[in-house]
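Visitor: pasting a predicted model and its sequence here:
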Amino acid sequence: MADYKINDIYQGGLSTFKSNYGEKEFGTGATIPAGQMGLAMDPRTANILQEVSGKLSTGVQNIELSNVQPDVFESIPKNYFKEAGRVAKLAGAEITVHAPLVEASGMTKEGFSEANRQAAERQMMDAIVKANQVNPKGSSPVTFHSSAILPGPELQKTSEGKEIVKQLVINQETNQISSVEKDVRHYPGADPAKIRAGEHRDVEKELDLRNTSSWHDSFTQLSFHSESADKLIDQAYPVLSPIIKDIEQEKVKKSSLSPTQVDAYNKFKIAEEHVSEIHRSANSLFDKAYKYGSEDDKEKLINLSETFRQDLKDKKDLKGYSRALIGFMNELQSDFEPKIFTTLGEFTNESTTKTFANVAWDSYDKFGSKAPIISIENPPYGGAFSTGEELKEIVEGAREKFVEKAQEEGMSKSQATKQAKKLIGVTWDVGHINMMRKHGFEKEDILKETEAVQPLVKHVHLSDNFGMEHTELPMGMGNVPIKEIMDKLGKEGFEAKKVIEAGNWWQHFKSPPVKESFQAFGSPLYAMDMGSYWNQSLALQQGYFGGYGMMLPQGNYNTFGAGFSQLPAELGGQQPGAKGSNMSGRPME
């Protein structure tokens, strides 16, 4: 008895004052107030009014309209957006919007077109306008995926971090998509050991090899046309040189030519066709080198063009013209190597950032300080722009283009930069980035990607999984390192809105994921940031919503009522005393 002590004076409170109780069993170790978390609506239905009412009944203060399929989003009646905003406002809640999945780059299965990019821009702006109807006060995030359909590079974990083992590339002239892979090549002339081992080529080297081969293959017909032209000119000129100009000026009629002269003239005209073909090739290849070359290459090409122009002035006959062309083409082939093939990521980066920048500017131009935030989300890992580094590049690129566009419209650079930072940011989906695990990556790699986007975060999507498939469970039910992720996100993560996405929980367990999410984060039961906590409800005799059972049996109420008036007079009530059956001695009387 001397060692007897009472550890916990409150029923159910195994660790009454600790919000991280149960961390190892079912919690996350992270503490997030319930008021900071929201709930995603069912993406399958356009009846958003019913969804808003249902989600508000769970007690959440933030709701995300998540009609990610464009056809479902288009099925929402226009007056529903304003009405949903009014209903949420009455309950003191706020609605954010997950816009439909639109490929911002303008790429389709058929390839890229500027018309497709502009169409995507209009779709995204439509979502912005509707988001403003839901939340007219503005500054609320509207989430767009960085890419909706494009695959990203295949990566594998290495001792140095990560390595690309397969990459989609695009021919910028034809828009045809193919792939390059890490490979081993075997070449003749080496000793047997080296042949067996082979030469290891990474994806970058394979891409360089493809560009080199493509460029030099473009010149394969050059020698044929050159040799043919020279041969024909050499055969024709001895016969025609005295009269060729007169023939061209029609001073000498062709009908007056001798058979030998006619044959020579025909050879001369065929030679002209060969030289013209060389010139056409020169124009095409020069254009290709300029379009797909570096900025330094473009300056060198301008100088080469000027030299070529002067050479043509000095050449007075067809043979001189042909020689000038061949000299120009030889320099073009040897000194330049444009990137005809480029990675799909590099190709779509430019058009993707352009789309986001244009949408952000149009939103600002239309709504001013009440413009919604363009929050760009990482798609499930393996898609284009799904890593933290790639997403950071997209956001920074879009901000730069926004500043350029704003300056063109008369805004100062400092003001434009301020608005770009406010209006373009990141939605960080913790479940999507956790899918790195399927490719051999670990917690440290996930946190490194999180670190890359930390200053850009405006919004967080909360869903758990085991890193193998794109599933959505309440936090704490998979292996997403959410505590460490939230620590990495710091102030940006704490201030960002956080939306629970648990579609698979709804599907299989048919209940709201709110309680499970609040328990996982040890959220306070009350508005104050203090105990008791949701995770402590698991230690009650029943679940939190189960009540306390039959603490006061119904018979008590039947006999005595809910107040004191039905008690016997001896006990202060109004009922007769010992004379009645109430005090007969029978149990419960």
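Guide: Perfect, I can see it now. Numbers count the residues shown, from 1 in each chain.

Visitor: domain map for the protein?
Guide: The record's domain split for the chain, according to automatic domain parsing, is 34-151+347-523, 154-216, 222-339, 554-583.

Visitor: state the mean pLDDT of the third one.
Guide: The reference is to domain 222-339. On average, the pLDDT along domain 222-339 is 87.

Visitor: that one: end-to-end distance?
Guide: 21 Å (Cα to Cα, to the nearest Å).

Visitor: circling back to that earlier point, out of the domains of the chain, the one nearest residue 28 is which?
Guide: domain 34-151+347-523 (4.8 Å; Cβ to Cβ). (Each C-beta comes from the backbone N, C-alpha and C, glycine too.)

Visitor: so where's the stretch 1-150 of the chain shaky on pLDDT?
Guide: Low-confidence segments of the stretch 1-150 of the chain (pLDDT under 70): 1-26.

Visitor: and the helices in it, which stretches?
Guide: 48-56, 70-74, 78-90, 114-134 (DSSP state H, counting those that start in this stretch).

Visitor: now these in TSV, with mean neighbour count and distance to residue 237?
Guide: Shown next, in TSV, are the helices of the stretch 1-150 of the chain (neighbours: other Cβ atoms under 10 Å; distance: least, Cβ to Cβ, whole Å):
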stretch	mean neighbour count	distance to residue 237
helix 48-56	19	82
helix 70-74	15	67
helix 78-90	16	78
helix 114-134	18	49
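
Visitor: so can I have JSON lines of those showing distance to residue 515?
Guide: Putting those into JSON lines (distance: least, Cβ to Cβ, whole Å) gives the following:
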{"stretch": "helix 48-56", "distance to residue 515": "14"}
{"stretch": "helix 70-74", "distance to residue 515": "28"}
{"stretch": "helix 78-90", "distance to residue 515": "21"}
{"stretch": "helix 114-134", "distance to residue 515": "26"}
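
Visitor: what about those helices, which gets the closest to residue 211?
Guide: Using Cβ to Cβ, these put helix 114-134 closest to residue 211, at 23.9 Å.

Visitor: then that closest one to CSV, C-alphas only?
Guide: Output of helix 114-134 as CSV, limited to C-alpha atoms (Å, rounded to 0.1, in the frame of the first residue of the first chain):
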residue,chain,number,x,y,z
GLU,A,114,-0.2,26.7,-78.9
ALA,A,115,-4.0,26.4,-79.4
ASN,A,116,-4.2,23.7,-76.8
ARG,A,117,-2.1,25.8,-74.4
GLN,A,118,-4.4,28.7,-74.8
ALA,A,119,-7.5,26.4,-74.3
ALA,A,120,-6.0,25.2,-71.1
GLU,A,121,-5.4,28.8,-70.0
ARG,A,122,-9.1,29.6,-70.6
GLN,A,123,-10.2,26.5,-68.6
MET,A,124,-8.0,27.5,-65.7
MET,A,125,-9.3,31.1,-65.7
ASP,A,126,-12.9,29.7,-65.7
ALA,A,127,-12.0,27.9,-62.4
ILE,A,128,-10.5,31.1,-61.0
VAL,A,129,-13.7,33.1,-61.7
LYS,A,130,-15.9,30.4,-60.1
ALA,A,131,-13.5,30.3,-57.1
ASN,A,132,-14.0,34.0,-56.7
GLN,A,133,-17.7,33.5,-56.6
VAL,A,134,-17.4,30.9,-53.8
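
Visitor: for it, what is the distance to the chain centroid?
Guide: How far helix 114-134 lies from its chain's middle: 16 Å, per Cα atoms, centre = their mean, to the nearest Å.

Visitor: now stretch 511-522
Guide: Worked out by Cα atoms, centre = their mean, stretch 511-522 lies 28 Å from the chain centre.

Visitor: and the helix or strand harbouring residue 345, what does it pack onto?
Guide: Assigned by DSSP states H and E, residue 345 belongs to helix 344-367. In this structure, helix 344-367 packs against strand 107-108, strand 111-112, helix 114-134, strand 161-171, strand 373-377, helix 388-408, helix 413-423, strand 424-429, with contacts taken as 3 or more Cβ pairs under 8 Å, 6 or more residues apart in numbering; DSSP states H and E.
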